[in-house]
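Asks: Structure of the sequence below:
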Amino acid sequence: MTAQDYTAPDSIGRLQQRALIAGFIGVVLCTVGFFRSPDQFFQSYLVAFLFVLGLSLGSLGLVMLQHMTSGHWGIVIRRPLESAMQNLWLVAILFIPVILGMKRIYFAWMGAPSAGEGALSDFQKSYLTAHGFIIRAIIYFVVWLVLILILNHWSKRQDIEPEDRRVRRDLKLLSGPGIILYVFGMGFASIDWVMSISPHWFSTIYGFIFVAGQTISALSLMICVVVLLAQTAPMAGLIQNRHLHDLGKLLLSFLMLWAYFSFSQLLIIWSGNQPDEISFYRSRLYGSWGVVAVIILIFHFFVPFFLLLSRDLKRNPKTLPMVCIWLVFMRLVDLFWTTRPEFTSNAMPSWLDIAAPLALGGLWLAGFARNLKSQPLLPLGDPKLQEAIEVHEY
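Replies: Modelled structure (predicted):
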C-alpha cells in the first residue's frame, strides 16, 4: 500500500467546490442580516458556531477513543475524523464574531445590575467578565489544538515508520488524558458560551450533554463520508457491511447516552422544583417551544433509536446514511432549542437561522474536504489496518 494508491477521489473535490459555493452564499446572506438585524444575526450565529464546533471536537473525541480501544470501526474512518478535527483552527477563527457580539448575546450578565433583582453573586461577578471569557476561550482552543497537532503528527509519523511500535503506544497513552481534557474543556466552554446566557440557571451535567451531542453529529457525518468514499476507487470494496454495522451500533450507543444525560438533567431539576433551576424548562416545555421539545424527543431520539435497533438497517449503505443525515439536522434543531428560548418566546426560526449554518457549515465542509484530499484515506501505518479491511462477514 502506498499513499498514492489511497488519494481522495474526484467526488471530494466536487464536494469542496459545492461547499465553498454554499458557504459564500451563506456569508452574503449573513452580511445582509447583520446590517438588518444584528441581534438576530448573533443569536443565529451562535447556534451555527456550536454546530461546527461539535463536528470538530466530536471527531477529536472519537479519534482518541479509537486509539484507546484499537477498534476496527475507527480505522476505516480515522482519516476523515482527523480531517474534521484539523478544522478546529477554522472554528477558532469563526469564534471571533461571538466575541464581537458578546454584548448582544450575553447581555444577561454583561449588563446585570450591581444589586437587586437580576444581580449576580460575588463569584459570578468575578468569573463572568469579558476578559475572563476571552482568556478562557483561548485556553480551551489552545488545549484542543495542541492535542490535535500532536495526534496528527504522530499519525503521520506512524505512516512513515510503521514498524515503530512506540508511536502506537504514545497515541494510546496520550488519548486517555486527552479525552479527559476534551470533556473538561467542553464542560467549561459550555458554561461560558451557552449556560451563561442565563446566568442564574445551572446544571452540573450540562457539559456532558454537549459532549454526547458532539459525538453524535461527528459520527453521523463520518458514516455519510465513508459511504460516499466507498462508491468509487480506491475505497470501493474496502468499506464492508460489518464496518457500517459497528459504526451504527456505536452511533446508537451515543444516542442512548445523550438521551440518558438529557433525561437525567430534566428529572433532577424537575423533581427539585427550585425556582432558579426550573426556569430553564419552564421556557422550553410550554408554548411553541414545547412543540419543538416534542419534535426533538420524537425525531432526535425515539425514531432514530428504533431505526438503529435494526441490524439490517445498520448494514445497509443506503438507509444508514439517511438516518445519519437526519441526526445531523436534529443536532442543529437541538442546539436551536437549547439557546434561543433565552432570547425569545417565539419558536419560529428566522431566515438567518438557515443562512448562518449554511455559511459556517459550508466553510467547514470545504475545509474538511481540503484536509481529506491532503492525506491518504487510510492510516497506512496502523498495524491493524490489514485486519480491519480484510473481507469477511458476520
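Asks: And the helices in the stretch 251-394 of the chain?
Replies: Counting by DSSP state H, counting those that start in this stretch, the stretch 251-394 of the chain has helices at residues 275-282, 287-296, 303-308, 311-314, 319-339, 352-373, 385-389.
Asks: Show me what the shortest one is in contact with.
Replies: Right, the one you point to is helix 311-314. 244-245, 247-249, 252, 307-308, 319-320, 323 (C-beta atoms under 8 Å, 6 or more residues apart in numbering). Yep, even glycine has a C-beta here, placed from its N, CA and C like the rest.
Asks: go on, the third one?
Replies: For helix 303-308, contacts defined as C-beta under 8 Å, 6+ apart pick out 248-249, 251-252, 255-256, 259, 313-314, 323, 326-327, 330.
Asks: Give me the buried subset of those.
Replies: In the contacts of helix 303-308, burial by neighbour count holds for 248, 251-252, 255, 259, 313-314, 323, 326-327, 330, counting by 16 or more other C-beta atoms under 10 Å.
Asks: So which of those residues is the closest to Trp364?
Replies: In terms of C-beta to C-beta, no member of the buried ones among the contacts of helix 303-308 lies closer to Trp364 than Leu327, at 17.1 Å.
Asks: Pull up the gap between that closest one and Pro321, please.
Replies: Computed with C-beta to C-beta, to the nearest Å, the distance linking Leu327 and Pro321 is 10 Å.
Asks: Also Tyr206?
Replies: In this view, Tyr206 and Pro321 are 30 Å apart by C-beta to C-beta.
Asks: For stretch 181-194, give the mean pLDDT please.
Replies: The predicted model assigns stretch 181-194 a mean pLDDT of 96.
Asks: That stretch: which residues count as buried?
Replies: 181-182, 185-187, 189-194.
Asks: got it, and stretch 201-210?
Replies: Neighbour-count burial for stretch 201-210, counted by 16+ other C-beta under 10 Å, picks out 201, 203, 206-210.
Asks: Dump the contacts of helix 303-308 into JSON lines; add pLDDT as well.
Replies: Shown next, in JSON lines, are those (pLDDT from 0 to 100):
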{"residue": "Gly248", "pLDDT": "96"}
{"residue": "Lys249", "pLDDT": "96"}
{"residue": "Leu251", "pLDDT": "97"}
{"residue": "Leu252", "pLDDT": "97"}
{"residue": "Leu255", "pLDDT": "98"}
{"residue": "Met256", "pLDDT": "97"}
{"residue": "Ala259", "pLDDT": "97"}
{"residue": "Leu313", "pLDDT": "96"}
{"residue": "Lys314", "pLDDT": "95"}
{"residue": "Val323", "pLDDT": "97"}
{"residue": "Trp326", "pLDDT": "97"}
{"residue": "Leu327", "pLDDT": "98"}
{"residue": "Met330", "pLDDT": "98"}
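Asks: between these, which is nearest Phe41?
Replies: Nearest member of the contacts of helix 303-308 to Phe41, counting by C-beta to C-beta, is Met330, at 23.6 Å.
Asks: Run through the residues that contact that closest one.
Replies: 296, 299-300, 304.
Asks: Among the buried residues of stretch 201-210, give me the pair with the biggest separation.
Replies: Spatial extent of the buried residues of stretch 201-210 (C-beta to C-beta) is set by the pair Trp201 and Phe208 at 16.5 Å.
Asks: Just give the nearest non-adjacent residue to the residue nearest the centre of the chain, would you?
Replies: Central residue of the chain (C-alpha atoms, centre = their mean): Gly54, 1.7 Å from the mean position. In space, and not counting its chain neighbours, Gly54 is closest to Gln214: 3.7 Å by C-beta to C-beta, 6 or more residues apart in numbering.
Asks: Check the burial of the one you found by counting its neighbours.
Replies: If you count neighbours by other C-beta atoms under 10 Å, Gln214 ends up with 27.
Asks: what's near enough to touch it?
Replies: Contacts for Gln214 were tallied using C-beta under 8 Å, 6+ apart; they are 53-55, 57-58, 61, 186.
Asks: If you drop the residues flanking it in sequence, what lies closest to His300?
Replies: Closest to His300 by C-beta to C-beta, 6+ apart is Met330, at 4.2 Å.
Asks: correct me, but Ala8 touches Lys373?
Replies: Yes - the pair Ala8 and Lys373 qualifies as a contact (C-beta atoms under 8 Å) at a distance of 4.5 Å.
Asks: the more surrounded of the two?
Replies: Remark: of Ala8 and Lys373, Ala8 carries more neighbours, 25 against 16, as counted by other C-beta under 10 Å.
Asks: mind listing what that one touches?
Replies: Contact analysis of Ala8 by C-beta under 8 Å, 6+ apart lists 229, 369, 372-373, 377.
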